[in-house]
Structure formats: structure tokens, C-alpha cells
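[1] coordinates only, sequence not included:
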């Protein structure tokens, strides 16, 4: 079975349809009310005219007798009789009537009249004509009579039909006009989106500094423009970092590979003894180990960024863990007369292996930049919903302009790269702390040493955060 993807909905089409339907509904209601008011008014006016006519007939009958009714009975409106009048005696026999009335309006179609009050008009249709029929029973000269009056309302029905046609035409033209207006308004209203699209199309890898500038857009689009500008800023920063990362990676890989190639080429220039070949092989193995370390660190960072790195947290004694890590570096520190001290007591909720790796990287970094005879102080304490570990050295410090980027991959404050290391140590530390939901901070100044602080959430805070994320 093949399935076709639904066509995307057009905002412009939806706006036009919504506006047109709203206008059609509003026009329909307005014209419907107008029609009802006009027809209702005409109906009430006809009833008043009919009642007045019956009153006039009754007065004429009472004052002038049957002869006085003749002008009223034969009154015409154009080529038609406006009213058809019949006079019946007490026995129901017809005394006078409008010519042709017997054919159009037989006596038995009129409503009965049991008193002198006018009967409520009823509608009657015949031969394409519409009549309103009523009956009254007046008494003239002591003799009871019955007046049957039919009002010809055919012209009213024609007027109503013409009015309906006119209003339908107005409605149709109004809907068409509304649709045209809606199309114009929608195109004009969505024009800023087209301009925004053109602005975004100008964004290229080499022109990531392009910005949409929220101030020039309508109020409704300004939040979108702000979001786009923020996204472009992040993309520009990421692209810059990626470019720098690529250059740094190439530099880091080129050095050991160049060393291996150079040593191999030198070794092959002439015959050498076993010790010389052994020296070349040992140097090559050392460079390979360095390359392997770089690759391992990069793989760890990649897994951490993609959330593939699994961590197994547990509660353990932080002071004991720090002293164990410190003991590994103690021989090197003693050789250089560097003092390493541990202070404080606190429990740590973290992955022990990753915790050891992060703290070990920081101690290794501190040893590398602390002069002989210096000191490294490691402290641990309980903070609010977390545990803090601080590592302070008495090294040369870091210039303020380098501090924002010291946790970036391959970034080193020494641009000549004459210092040891690959520039991945602090990046690894931050990735490990981020995996635990903590923070890594650094404070330093030239000649004032460096303090790196790691914050690990306690078990309650970590579990609460995990529940929120899930």
C-alpha cells in the first residue's frame, strides 16, 4: 500500500478562507436581519392597512348602507383590485362583492367571525395571487351583516422575492470582495516572512555574521527574529569553534606523525645497529601512545556530547578518594619538592572511575604548571545540595583573556604549544562534570596561581534532576 505525504498547509490560504468565511457569516447575518426587519415591517403595515380598510367598510355600511359600499368594493390598485370585499346577510347569502371575487376567494375560505371583532388575517394563495383574508360581523340599522375582506398581497410577495435576489447578489459580491481583500491583506501581512526568508538565505558558512535585526520587523515577528539571531550566534560560535578544533586537531596529529616519519626516514638513510633501531622504534611507540591517548580522549568527549556515555553513580567517601588519587602523583611531586595537601570531609555521589579521571587530570595539570618547591591544595566540602572539590596551585596563573576558553578542546593559553599536553585535559574534566549535572569553574590571575572548582550534585538533587529530565 502506497502512502502519499499530505501537502503542507498554506498560512495564506488559511487566512484567506478564515477571513472570507467570517465576512460571509457576518454579511449573511446582517442581510438576514435586514430582510427580516423589512419583511416584518411590511407585514405589520399591511395588517394596519387591512384593519383600516375593514373599519372604513364598517363605517360606510353603518352610515350609508349598502350603496355606500360600492366605491370601496370596486376600488382598484393599478390593474388589480387592492381589496376584494364581500357582504353577506344574516343567512350567509351574498349581497354585494367585488367582481370576480367568487372565483378567487369563495366564501368558505374566509375565517369565521363570531363577534364584531376583526378576525386574525390568514394567508391564502390561488392562481399565482397571495391574499390576506379577514372577517368582521358589523350591525347596520339593526341588521347583522358579515364583511369578508381579502387584501391582495401579491405585490408584497414579488417585492420580497426581489429583495431576496438583491440581498443574495449583495452577499455574493460582498463575499467576492472580502476574498479579494483577504488575499491582499494576507499577502501584505506575510510579506515580512518572505523578507525574513531572503535574509536567512543570505546566511552562508562564510557569512554567519548575518543577522535579521529584530527592530525592523513587526511586533509579532520580533520574538522569532530574536530567536533566529540567537541561533545564528550559536551557529557562528559553533562553526568558529569547529574550525579552530579542526586546525588544532590537525596540528596535534601532525606533530607526532611528522616525528615518526622523520625518525624513520633518518633511520633508513644508512645501515644502523640494533640499539639505534631500537631507539627509533621506542620513539615511534611513544608517539603512537600519544596519538592513542588523543584518540581515546576525543572518543570520550564525542560520547559525552551525544549522551552515549553511561555513568554508574554511587555514594563514597570523598576525602578517601582524593587521598588515593593524590598518592599516585606523590612520587612526582616529591621529586620536584611540591607539597600536595588534602583538606575537608564530605561524601561524593558520582561515578568513581570518572571522578578519579577528572580529579587526576586537574592534579596532573597543576603539577605541570606549578614550579619546583610550590604547593597544591585540594579541599572538599559540602555545599547546598552538592559537594565541592577545589584544587589550588601556586603556578604562574592564567591571563584573564584566556579564562573563558580554557575548557575548550585543544585550547592552550600558550599559543606556541611549547607546553606539554594536548589541550584536552580541562575539556575532559568539564564533560565529566556535565555528565553528572554539575559545574566546573576556574579562577586565576597572572602570578597568582589557579583554582579549579568542581561541583557534584548530591544524591537527592541528582535524582530530582533526572526525574525532571525524564
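    Yep, it's here. Note that the structure is predicted; figures quoted are calculated from it, not measured.

[2] contacts and neighbour counts: CA atoms only from here.
    Noted.

[3] you'd agree residue 59 is in a strand?
    No: per DSSP: H, G, I helix; E, B strand; the rest coil, residue 59 lies outside any strand segment and is helix.

[4] lowest mean pLDDT among the helices and strands, pick that one out for this protein.
    None of the helices or strands of the chain scores lower by mean pLDDT, DSSP states H and E than strand 76-77, at a mean of 59.

[5] element containing the residue nearest the centre of the chain, please.
    Centroid check for the chain by C-alpha atoms, centre = their mean gives residue 224 as the closest residue, at 9.8 Å. For residue 224, the enclosing helix or strand under DSSP states H and E is helix 222-267.

[6] what's the answer for residue 33, then?
    Element membership for residue 33, per DSSP H and E: helix 11-64.

[7] name the helices or strands packed onto that helix?
    strand 139-140, strand 146-152, helix 154-201 (3 or more C-alpha pairs under 8 Å, 6 or more residues apart in numbering; DSSP states H and E).

[8] so which of these is nearest residue 42?
    Residue 42 sits nearest to helix 154-201 of all these, at 7.8 Å, using C-alpha to C-alpha.

[9] gap between that closest one and the chain center?
    Helix 154-201 has its C-alpha centroid displaced from the chain centroid by 29 Å (C-alpha atoms, centre = their mean, to the nearest Å).

[10] and the average pLDDT for that helix is what?
    The average pLDDT within helix 154-201 is 88.

[11] what is it packed up against?
    Going by 3+ C-alpha pairs under 8 Å, 6+ apart, helix 154-201 lies up against helix 11-64, strand 129-136.

[12] got the angle between it and helix 11-64?
    Per axes from the mean of the first three to the mean of the last three C-alpha atoms, to 10 degrees, the angle that helix 154-201 makes with helix 11-64 is 160 degrees.

[13] for the one helix or strand residue 295 maps to, which positions count as buried?
    Using DSSP H and E, residue 295 maps to helix 274-305. By neighbour count on 16 or more other C-alpha atoms under 10 Å, the buried set for helix 274-305 is 277, 280-281, 283-284, 287, 290-291, 294, 297-298, 300-301, 304.

[14] same check on stretch 149-163?
    Buried-residue list, stretch 149-163, by 16+ other C-alpha under 10 Å: 149, 150, 151, 152, 153, 154, 160.

[15] still on that earlier bit, starting at the chain centroid, how far to the helix holding residue 224?
    That offset, for helix 222-267, works out to 35 Å (C-alpha atoms, centre = their mean).

[16] so of the helices and strands packed on helix 11-64, which one's packed in deepest?
    strand 146-152 (a mean of 25; mean count of other C-alpha atoms under 10 Å).

[17] so where's the stretch 1-150 of the chain shaky on pLDDT?
    Where the stretch 1-150 of the chain drops to pLDDT under 70, the residues are 1-7, 75-80, 114-119.

[18] repeat that with 80
    Where the stretch 1-150 of the chain drops to pLDDT under 80, the residues are 1-9, 64-82, 113-120, 127, 139-142.

[19] let me know the pLDDT of residue 455.
    What the model reports as pLDDT for residue 455 is 93.

[20] separation between the closest residue to it other than its chain neighbours and residue 375?
    Residue nearest to residue 455 in three dimensions, not counting chain neighbours: residue 388, with 4.6 Å by C-alpha to C-alpha, 6 or more residues apart in numbering. Residue 388 sits at a distance of 20 Å from residue 375 (criterion: C-alpha to C-alpha, to the nearest Å).

[21] got the angle for the helix holding residue 33 vs strand 129-136?
    Using the same axes, to 10 degrees: helix 11-64 against strand 129-136 is 40 degrees.

[22] just give me how far helix 11-64 sits from the chain centre.
    Mean-position distance between helix 11-64 and its chain equals 47 Å (C-alpha atoms, centre = their mean).

[23] surely residue 387 is in a strand?
    Yes: residue state for residue 387 (three-state DSSP) corresponds to a strand.

[24] returning to that earlier point: of all the helices and strands packed on helix 154-201, which one is nearest residue 353?
    helix 11-64 (54.3 Å).
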